[in-house]
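1. Turn this into a structure:
(2 chains)
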Amino acid sequence: MADPHIETYDPEHEATSAAITESRPARAVLMAIAFVFLALFLVLPLVVVFNQAFAKGLETYLTSLNDGDTLSAIRLTLIVAAISVPLNLVFGLAASWAIAKFEFKGKAFLTTLIDLPFSVSPVISGLVYVLLFGAQSALGPFLKAHGIEILFAVPGIVLATVFVTFPFVARELIPLMQEQGTGDEEAALSLGASGWQTFWYVTLPNIKWGLLYGVLLCNARAMGEFGAVSVVSGHIRGQTNTMPLHVEILYNEYNAVGAFAVASLLAGLALVTLVLKTVLEMRYGAEIAATRGH
Amino acid sequence: MEVRVANVRKEFDRFPALHDVSLDIRSGELIALLGPSGSGKTTLLRLIAGLERPTRGKIFFGEEDASLKSIQERNVGFVFQHYALFRHMTVADNIGFGLKVRPGATRPPAEEIRRRASELLDFVQLSGLEKRYPAQLSGGQRQRVALARAMAIEPAVLLLDEPFGALDAQVRRELRRWLRDIHDTTGHTTIFVTHDQEEALELADRVVVMSQGRIEQVGTADEVYDTPNSPFVYGFIGDSSSLPARVEDGQVWLAERPIGLSAPDVPAGAATLFFRPHDVELLDGCGGCIAGTVVNSRRVAETRRVELEVGGDRQRVEIELPIDHAAANKSRIAFRPRKWKLFPRAD
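-> So this is what the prediction gives:
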């Protein structure tokens, strides 16, 4: 039965005031501009990618994907994402937890530092690792002596990817956790929960959709990263080429179908990410509304 | 469980929030911490709970030094101002949370936890709402769930931070009476924070009046209302009017005239005269009284409240008149407080 005391929160129900609505023609023009822009700069290139990929038919498309080097690039990309995304999930969680729930010296600095990968050119991010682990670096001889390969191998690619994708999870979670405050955690502790129980039963469920959203963006970037990975990978075909690097190589060899076939996979990944992101936003809009930081 | 706060000081970033506060709370008492915002009342509550640690001083639960214990070990039931219900858990899971997170040996079986949650829901008069989520409850219902959750762990002390702060006046009054009933039934030592004096006076066995990180007065509603021990308490509890006065030869002087109040025990010098606006005696003539010109008059429920300008330097003071009193603007009124108090003032 309907209970008069029950108020339910309905985020959909925030009606727009008539006073701030533009006139009909003005709205039409604004919308037209937005749509034309989107069509020209986003939809058209996407269509071209798929068009080129299938230019010589489905069979050629599949054959070019079934190439040994291509498969190896796909495998490497998946491996790199499988390592760097979980790492950044943990790092991002830890960093946001520290920033949102505690007061400490240097907090503002740490917050700024998290954004560093966004503000630094990816090429520089890659070069940093070359300078750090390259043959000419201080660490170089030691690594060589012990047979540890970092540059031009999977570890280097993972490091560069982790660096570039670090901010995604943290940037999603910090505003969300700050908005939620520490009330729920204090309540859990006062009820006798340990720190770990509090995290598991209270904090994590509160941030799960924001976290998933951050992981999704992080994954998309991890698979698509070009600049930083390009510097540290060494472009060894079949060994250290990720999908974006492989696209470039194929294209430079005038293998348009091959290049666009791999590109279509990346574009497909982007589309899937977008769909998931939209579904998440629709379903849990209120919870991730606080995270519109960038 | 008795609670003893012994010389507690709390600083946040070197800024003192509490200065050397001591307080004894008897077992089973219902205590209100009352004060304006920034008086340190919530800080004191959080210190007792263990959500903050004192910079100096100790807090005892019975004979045990609770300041050495973590919040989990103190076993306090804390009801947060905004309830802090876990939004992704049902009402039953919220209430059972404190039992569910107990270590294996002392954790009741799931069935037992469910039964306890239902019992507590009955107790807070929300039977049948086990499966609801916090978002599907009204403010008053959330408050009751928060209380049930805090009571599920059978706390040594029940602490409530502004328990009725976020509710509307009607629900507030209802819950106030209900909390008193609950306290009388369970006998928990209960401490609640409020800035609403009506709430504190009506509900609590004793009221702790706080201001600027210090305890001003501890007493029953009658004590803090009838015999306030500081200008702050006089001004904060109930309506009050005050006038700068002077004591000479055991008489109270206002400007250059004695006003017919004798204060033989008060040392001579500057003082502030406090009285209740409704507790005045209206006089006809003025040989020893306070006289003033009405500058403002408004109807408040069953009385008329007038603002008078008194004396040469036009001090404003409020008194209450019967509604049938003909107190038009600019008319002169003479009165003398029936009950009053003088606090020495440093000039």
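
2. Give the next helix or strand downstream of the host helix or strand of residue B:17.
-> Assigned by DSSP states H and E, residue B:17 belongs to strand B:15-25. Once strand B:15-25 ends, the next helix or strand along the chain (criterion: DSSP H and E) is strand B:30-34.

3. Partner strands of that next one and their direction?
-> In the sheet, strand B:30-34 lines up against strand B:189-194 (parallel), strand B:206-211 (parallel) (DSSP bridges).

4. what is the orientation angle of the last one with strand B:15-25?
-> This means strand B:206-211. 160 degrees (axes from the mean of the first three to the mean of the last three C-alpha atoms, to 10 degrees).

5. Would you mind pulling the contact partners of strand B:206-211?
-> With C-beta atoms under 8 Å, 6 or more residues apart in numbering or on different chains as the test, strand B:206-211 has contacts from B:23, B:29, B:31-36, B:39-41, B:44, B:200-201, B:215-221, B:224, B:232-233, B:236-237. Where you see a C-beta, it was placed from the backbone N, CA and C, and this is true even at glycine.

6. can you list the strands paired with strand B:30-34 in CSV and add mean neighbour count and mean pLDDT?
-> Shown next, in CSV, are these (neighbours: other C-beta atoms under 10 Å in any protein chain shown; pLDDT from 0 to 100):
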stretch, mean neighbour count, mean pLDDT
strand B:189-194, 25, 94
strand B:206-211, 24, 95
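
7. and the closest residue in space to residue B:248 that isn't next to it in sequence, what does it touch?
-> In space, and not counting its chain neighbours, residue B:248 is closest to residue B:268: 5.5 Å by C-beta to C-beta, 6 or more residues apart in numbering or on different chains. Shown in contact with residue B:268 (C-beta under 8 Å, 6+ apart): B:247-249.

8. Closest one of those residues to residue A:136?
-> Taking C-beta to C-beta as the measure, residue A:136 lies nearest residue B:247 of the contacts of residue B:268, at 89.6 Å.

9. As CSV, the strands paired with strand B:30-34 with distance to residue B:334 would be great.
-> Formatted as CSV, the strands paired with strand B:30-34 follow (distance: least, C-beta to C-beta, whole Å):
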stretch, distance to residue B:334
strand B:189-194, 38
strand B:206-211, 33
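
10. ok so, going back, please tell me which one of the contacts of residue B:268 counts the most neighbours.
-> In terms of neighbour count, residue B:247 stands highest of those at 22 neighbours, by other C-beta atoms under 10 Å in any protein chain shown.

11. Name the SS class of that residue, please.
-> Of the three states, residue B:247 takes strand under DSSP: H, G, I helix; E, B strand; the rest coil.

12. so what's it scoring on pLDDT?
-> For residue B:247, the pLDDT comes out at 89.

13. What of residue B:16?
-> So residue B:16 comes in at 90 (pLDDT).

14. Enumerate the beta-bridge partners assigned to it.
-> The partner residues for residue B:16, given DSSP bridges, come to residue B:11.

15. can you pull the contacts of it?
-> Contacts of residue B:16 (C-beta under 8 Å, 6+ apart): B:9-10, B:213.

16. And residue B:127, by the same measure?
-> B:118, B:121.

17. please redo it, this time with the cut-off set to 7 Å
-> By C-beta atoms under 7 Å, 6 or more residues apart in numbering or on different chains, residue B:127 lies in contact with residue B:121.

18. any idea how far residue A:24 is from the residue nearest to residue B:248?
-> 81 Å (C-beta to C-beta, to the nearest Å).

19. Also residue B:58?
-> Look at residue B:58 and residue A:24: by C-beta to C-beta, they are 71 Å apart.

20. Residue B:120 now?
-> From residue B:120 to residue A:24 the distance is 57 Å (C-beta to C-beta).

21. same question, residue B:271
-> Noted for residue B:271: a distance of 73 Å to residue A:24, by C-beta to C-beta.

22. Give me the packing partners of the helix or strand of chain B with the lowest mean pLDDT, helices and strands only.
-> Of the helices and strands making up chain B, the lowest-confidence element is strand B:257-262, at a mean of 84, by mean pLDDT, DSSP states H and E. Applying 3 or more C-beta pairs under 7 Å, 6 or more residues apart in numbering or on different chains; DSSP states H and E, one finds that strand B:257-262 contacts strand B:251-254, strand B:332-337.

23. ok, the longest one: who's next to it in the sheet?
-> Strand B:332-337 sits in its sheet next to strand B:280-283 (antiparallel), strand B:290-300 (antiparallel), going by DSSP bridges.

24. Distance to residue A:101 for these - can I get that in a markdown table?
-> Listed next are these as a markdown table, based on distance: least, C-beta to C-beta, whole Å:
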| stretch | distance to residue A:101 |
| --- | --- |
| strand B:280-283 | 55 |
| strand B:290-300 | 47 |
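
25. Inside strands: which ones of the contacts of strand B:206-211?
-> Using DSSP state E, the members of those that fall within strands are B:23, B:31-34, B:215-219.

26. ok, which pair from the residues you listed is furthest apart?
-> B:31 and B:216, at 14.8 Å, using C-beta to C-beta across those.

27. Residue B:58 and residue A:24: who's more crowded?
-> Per other C-beta under 10 Å, whichever of residue B:58 and residue A:24 has more neighbours is residue B:58, with 14 against 8.
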